[in-house]
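1. Everything below, folded, please.
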Amino acid sequence: MRRGFGLGLSFSFILFFLIMPGMAFPEDSGASQEVTFQVFRTMTTDQGTWKQMCNHYTLTVLKDGTAVDLGTDGGVAEGTNGVLTIYLSPGDYSYQVNYNYPEYGQNPSQAGVTEGDFTISEGRLNFVEVDTSRAPAPPPKPKPGPTPTPSNTTTTMHPTKEEIDRWIMLYESDPDVPGARSQTSLNVMQYPGASDTSSGTSFSLLDYLSYNPYDRDQGDCGNCWEWTSTGIMEIALAYKNGTKDRLSVQYLNSNMEDKACCGNCIETAAQFYEDSKMAIPWANPNAQYNDGEGSCGSSAVPASSISTTNNYPIKSIQAQKIPTHGVGKEVAIDNIKAALHKGQAVYFSFYLPNKGEWDKFNDFWKNQPESAVWQPDSACGNTYDYEGGSAHAVLLVGYDETDPNNRYWIILNSWGTRLARPNGLFSVNMDMDYDCEYPSHYAFFFQTLDVNYDAPSRKAPVPEPEPIRVPVLNVEVANDVYTPRDPMLYYCVNNGLLSYKNRIYLTGPDLNKVASVTYILDPSFENPEVSSSDPGNSFEIWIMTWGRFPMQAIITTKSGQVFEKDYYFSFKSNVEEALARGIPQVESC
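-> Presented below is the predicted three-dimensional model:
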């Protein structure tokens, strides 16, 4: 978890424990006492000192080093409005509070952990004040070492040639996912919850994943492979056992010791969990992610400090490859779908060969909305640069084929959120080149984990997710130089070039659902964004232009939905159409 301090403010955090006497409770090594926790921070500014209650924190109570069951899953209670009440028997305890203060006015956001000890005595008032200035010092920052190069938390893995060769060797030794095909078949594959692709379908396992998009941020640590592998394990736990719970990424990273944050592969995750035989809930003490500022070779959290008291026993776990090389596009797609429809999310690792290609992807991630579709195979055939190239692993959770001309995979990243990506998702063109390769190796690899848990479910089964239903607006963008209201073709001479007056408008059966539209024109226009909200003129605008250029319409419906429509504008054919109709040209604009 990242910590931020600044703006010349002095912080102290105070935790109060109020034990109320004179109340009777069931016996549990002594009459239970009501304990009220109040968590806030004291803000010291030029205007004075005041208290801000913490509206987001979790509390773990330990006795003799073991987490106390607070009547909640994982033994962790969540506090709201600064106040939390629980019941404890008399005795000696320790506590851990994970707090998160959002930005408030001029006060920055703040997140961290405070710990301490307290004693409950029966029949009297106990008051404990804890100031984090007297709390143990935070763990030291990792020592610098060879690390993947971060770029505004868009960290990737920079494996050497030897490491890539080893990862590919492990991939090739993995068994195929059951049911995968190695060559084209005349049989059409059918899946539960989806019909054949010709009818336009969608499917997603995202509902099986318990995640906070903001928290799902690897930061500067090169451990995308851990986030992706852990996500597959979480979905398997929900799909097979009916237990929807976040699993700890920190547990895996801390146990990597001198290889923490250095990049690795899915087989390493499978081998670790095959040896440890248990997955750890995110909510366990010290199991929350805290290596966002980590560098290769060190973790901020010692593995021995992570509680394993609550865990999910693993019966077996194995990495599997999904055949996509040399089988043809449609077979590759069917093989990926086959894994998804068995409840196995997919580990998608992609290698981009140089810094220029990564700059393109980072621009796509940072500046494009979640509805945009990434075309990943533009660099096929390039030489892989082991200095500027790098790899990244992401979680493929579903697909959407409702538009047969725009089929895509649904991908969950581990780079947190952006303004245009509130869910941390992006889309990848399903009609990509699965055989895309560089002279040294393939560009794309698809794998998964076969995980079987030994423990019965602790929660109610998670319902089968409904197929994704993408809203449709039957409206298209059109342009013309002729309209019955204004049957003229205008032009004027600008620097020797003819500029024509063109009408751009919307058309289609759902036009009555539209509230407004903004047209995004070429940046060379004096006003590259033009809006219309008048339904009386079909949401039209008039522009003076020449040549050819792409444009986009951002359409807002009366119900508040937003649609994007791409349109390639060209006046040439429309001018010819107007001339064919005998429309006269005039020399004044």
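
2. State which helix of the chain is the longest.
-> If you go by DSSP state H, the chain has its longest helix at helix 224-241.

3. what residue ranges in the stretch 451-589 of the chain score low on pLDDT?
-> The model of the stretch 451-589 of the chain has pLDDT under 70 over residues 455-471, 481-501, 524, 535-537, 544-549, 568-589.

4. how much space is there between residue 233 and residue 273?
-> 7 Å (CB to CB, to the nearest Å). Backbone N, C-alpha and C define where each C-beta goes, glycine included.

5. Oops, could you answer that again for residue 210 instead?
-> According to CB to CB, residue 210 stands 18 Å off from residue 273.

6. Identify the contacts common to residue 233 and residue 273.
-> Common contact partners of residue 233 and residue 273 (CB atoms under 8 Å, 6 or more residues apart in numbering): 279, 317, 451.

7. Give me the three-state assignment for the nearest residue to residue 418 once chain neighbours are set aside.
-> Distance criterion CB to CB, 6 or more residues apart in numbering; nearest residue to residue 418, sequence neighbours excluded, is residue 366 at 5.8 Å. Following DSSP: H, G, I helix; E, B strand; the rest coil, residue 366 is assigned to helix.

8. How many neighbouring residues does residue 366 have?
-> Neighbourhood size, residue 366 [other CB atoms under 10 Å]: 15.

9. and what of the one 3 residues further on?
-> Neighbour count for residue 369, taken as other CB under 10 Å: 15.

10. what secondary structure does it sit in?
-> Under three-state DSSP, residue 369 falls in the coil class.

11. and the next element down the chain from the host helix or strand of residue 504?
-> In the assignment (DSSP states H and E), residue 504 maps to strand 497-507. The C-terminal neighbour of strand 497-507 among helices and strands, as given by DSSP H and E, is strand 514-520.

12. what ranges do the helices span in this protein?
-> Secondary structure of the chain, counting by DSSP H: helices at 161-173, 224-241, 249-255, 266-276, 329-340, 355-367, 571-580.

13. okay if I get these as CSV plus distance to residue 321?
-> Output for these, formatted as CSV (distance: least, CB to CB, whole Å):
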stretch, distance to residue 321
helix 161-173, 6
helix 224-241, 13
helix 249-255, 21
helix 266-276, 9
helix 329-340, 10
helix 355-367, 24
helix 571-580, 49
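
14. Mean pLDDT lowest where, among those helices?
-> The weakest mean pLDDT among these belongs to helix 571-580, with a mean of 58.

15. ok, the nearest residue to residue 211 once chain neighbours are set aside - how many residues close by?
-> By the measure of CB to CB, 6+ apart, the closest residue to residue 211 outside its immediate chain neighbours is residue 246, 6.6 Å from it. Residues lying near residue 246 (other CB under 10 Å) number 22.

16. pLDDT wise, what is residue 246 at?
-> Per-residue pLDDT puts residue 246 at 93.

17. bridging residues for the residue lying closest to residue 479 once chain neighbours are set aside?
-> Nearest in space to residue 479, with sequence neighbours left out and distances taken as CB to CB, 6+ apart, is residue 504 at 4.5 Å. Partner residues in beta bridges with residue 504, using DSSP bridges, are residue 479, residue 541.

18. List the residues that contact residue 339.
-> Residue 339 makes contact with 177, 180, 320, 322, 345-346, 448, according to CB under 8 Å, 6+ apart.

19. Any figure for the gap between it and residue 363?
-> Distance of residue 339 to residue 363, computed by CB to CB: 30 Å.

20. do residue 91 as well
-> In terms of CB to CB, residue 91 sits 57 Å off from residue 363.

21. Settle it for me: which of the two has more neighbours?
-> Each of residue 91 and residue 363 has its neighbours counted (other CB under 10 Å); residue 91 has more, 15 against 10.

22. can you count the residues close to residue 563?
-> Counted with other CB under 10 Å, residues neighbouring residue 563 total 18.

23. Show the contacting residues for it.
-> Applying CB under 8 Å, 6+ apart, one finds that residue 563 lies in contact with 471, 473, 475, 554-555, 557.

24. same thing but at 6 Å, please
-> Residue 563 makes contact with 473, 555, according to CB atoms under 6 Å, 6 or more residues apart in numbering.

25. and it, bridged to which residues?
-> Note on residue 563: beta-bridge partners by DSSP bridges are residue 555.

26. Make 17 the first number, not 1, from now on.
-> Renumbered: residue one is now 17, and that last one reads residue 579.

27. one step back: minimum distance to residue 310: which of the helices of the chain has it?
-> Closest to residue 310 of these is helix 265-271 (CB to CB; 7.6 Å).
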